[in-house]
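1. coordinates for the following, if possible.
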Amino acid sequence: MSKELNELFERLGAVSGDYIAAIYFEKDIPKSRQLLKQTILQPLVPPEVIVEVVNADGAVAEWVYWRDSDLSSRIVYFHGGGYIGGDVDMYRPFAAELARVTGSAVLNVEYRLAPEHPFDVPTADGDKAYGFAVAQGPAQSGPAARIFVAGDSAGAGVAINVAQLHKTKRCPDGVIALSAAVDLAGDKSMIPHDQWPMFDYVQKLFLRDTPSDHPIASPINGDLSGLPPLFIQTSRADMAFASNSKFGDKARAHGVAVNFDIWDGVPHDWQIQAPYLPEASQALDSIRLFVEKIK
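-> Residues are numbered from 1 along each chain as shown. As a prediction, this is how the structure comes out:
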């Protein structure tokens, strides 16, 4: 274990109690969103990174890229946060590193959150952002030559839903799903028992009266046939590991090309700590290889 990974576990341990209290006991969602940002170990973006704020057909987003990025190669990225937290500011450092490693331009998307908005709004915002990125890139560049949808945790669910919507249109060239939330109705055995009430409450904020097995909330229940190549990256220590495994198996059974990258000893969403966390940088290198294989 690197010293940075040990630091991450310490940070997560220090923040998690306050985060759970803010959501479940205090019912203070703005406070929980600020606490979530404190889990990022290195919240700085190198000065060489170019950030271009855009209106992505009504969705809030920003292009993040480097001077040597291939602007025709694009990744539309949807942040995690349990559908109730996360924003472009929190994810800008990760988007910059993803752009650097893959050589692509990254559209960092800020979809609207629960409980202010219904459960299908993140996917609707993702659909707008994806259509925008297909048609036009940063610095007034034209249509995409190749394009991926990607996300972590809840954002991976949005990415999969967007790919579903575009299977018969301009389908993404690949889906990158990191510690993906794909089955909100599934087994909670990897979640500490004392956190079950908090997770149930967050689901209620997101879903309201919608059943948790609805395909938008739980993409594992959708028709997975026709999806583009799928890269799933998770950890055996991740609360999403079992559902990610089932999702990958189901997608493969429906003819989808699945790349399954399994890690040990790292927590949920460790990838977003790149480049500060060595294990996260290694994980991004696997993403780079996936992107490079798709021409």
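
2. need phi/psi at the nearest residue to residue 242 once chain neighbours are set aside.
-> In space, and not counting its chain neighbours, residue 242 is closest to residue 187: 5.8 Å by CB to CB, 6 or more residues apart in numbering. Every C-beta, even on glycine, is put in place using the N, C-alpha and C of the backbone. Dihedral angles of residue 187 (phi, psi; degrees, to the nearest 10) stand at phi -60, psi 130.

3. what of residue 141?
-> The phi/psi pair for residue 141 (degrees, to the nearest 10) is phi -80, psi 160.

4. just the strands in the stretch 101-250 of the chain please.
-> Here the stretch 101-250 of the chain has its strands, by DSSP state E, counting those that start in this stretch, at 104-110, 146-152, 174-178, 230-235.

5. CA atoms only for the third one, dumped as CSV, please.
-> Coordinates of the C-alpha atoms in strand 174-178 are reproduced here as CSV (Å, rounded to 0.1, in the frame of the first residue of the first chain):
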residue,chain,number,x,y,z
GLY,A,174,-16.9,2.7,-25.9
VAL,A,175,-18.2,3.0,-22.3
ILE,A,176,-15.8,3.4,-19.3
ALA,A,177,-17.5,2.4,-16.1
LEU,A,178,-15.6,3.0,-12.9
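
6. which residues does it contact?
-> Taking contacts as CB atoms under 8 Å, 6 or more residues apart in numbering, the residues outside strand 174-178 that touch it are 75, 148-153, 156, 159-160, 163, 227-234, 244, 247, 269, 271-272, 283, 287, 290-291, 294.

7. from these, which would you call buried?
-> Listed as buried from the contacts of strand 174-178 are 75, 148-153, 156, 159-160, 163, 227-234, 244, 247, 269, 271-272, 283, 287, 290-291; burial here means 16 or more other CB atoms under 10 Å.

8. the longest strand in the chain is where?
-> For the chain, the longest strand by residue count, based on DSSP state E, is strand 70-78.

9. in that one, what counts as buried?
-> 70-71, 73-78.

10. by mean pLDDT, point me to the weakest helix or strand of this protein.
-> helix 196-207 (a mean of 88; mean pLDDT, DSSP states H and E).

11. could you say what helices and strands that helix packs with?
-> The contact analysis (3 or more CB pairs under 8 Å, 6 or more residues apart in numbering; DSSP states H and E) places helix 196-207 against no helix or strand.

12. what residues of that helix count as buried?
-> 198-199, 202-203, 205-207.

13. equivalent analysis for stretch 107-117, please.
-> Buried, per 16+ other CB under 10 Å, within stretch 107-117: 107-111, 113-114.

14. residue contacts, residue 260?
-> Residue 260 sits in contact with 232, 245, 248, where contact means CB under 8 Å, 6+ apart.

15. tell me the pLDDT of it.
-> On the pLDDT scale, residue 260 is placed at 97.

16. surely it forms part of a helix?
-> No. Assessed with DSSP: H, G, I helix; E, B strand; the rest coil, residue 260 is strand; it does not lie in a helix.

17. what is the neighbour count of the residue nearest to residue 143 when sequence neighbours are not counted?
-> Nearest residue to residue 143, sequence neighbours excluded (CB to CB, 6+ apart): residue 135, at 5.8 Å. Residue 135 has 12 neighbours, counted by other CB atoms under 10 Å.

18. residue 8 is in contact with residue 267, correct?
-> Yes. Taking contacts as CB atoms under 8 Å, residue 267 lies within contact range of residue 8: 7.0 Å.

19. higher neighbour count, those two?
-> It is residue 8, of residue 267 and residue 8, that has more neighbours when counted by other CB under 10 Å, with 23 against 17.

20. so what's that one up against?
-> Residue 8 neighbours (CB under 8 Å, 6+ apart): 41, 267, 270, 273, 277.

21. for it, report the pLDDT, please.
-> Taking residue 8 on its own, its pLDDT is 95.

22. host element of it?
-> helix 3-20 (DSSP states H and E).

23. list the buried residues for the following helix or strand past that helix?
-> Sequence order places helix 29-37 as the next helix or strand after helix 3-20, per DSSP H and E. Neighbour counts over helix 29-37 (16+ other CB under 10 Å) mark 29, 32-33, 35-37 as buried.

24. what is the rounded mean pLDDT of helix 29-37?
-> 97.

25. now that helix and helix 196-207, what's the angle there?
-> 110 degrees (axes from the mean of the first three to the mean of the last three CA atoms, to 10 degrees).

26. pull the distance from the helix or strand just after helix 29-37 to the chain's centre.
-> Next helix or strand after helix 29-37 toward the C-terminus (DSSP H and E): strand 50-56. Offset of strand 50-56 from its chain centre (CA atoms, centre = their mean, to the nearest Å): 19 Å.
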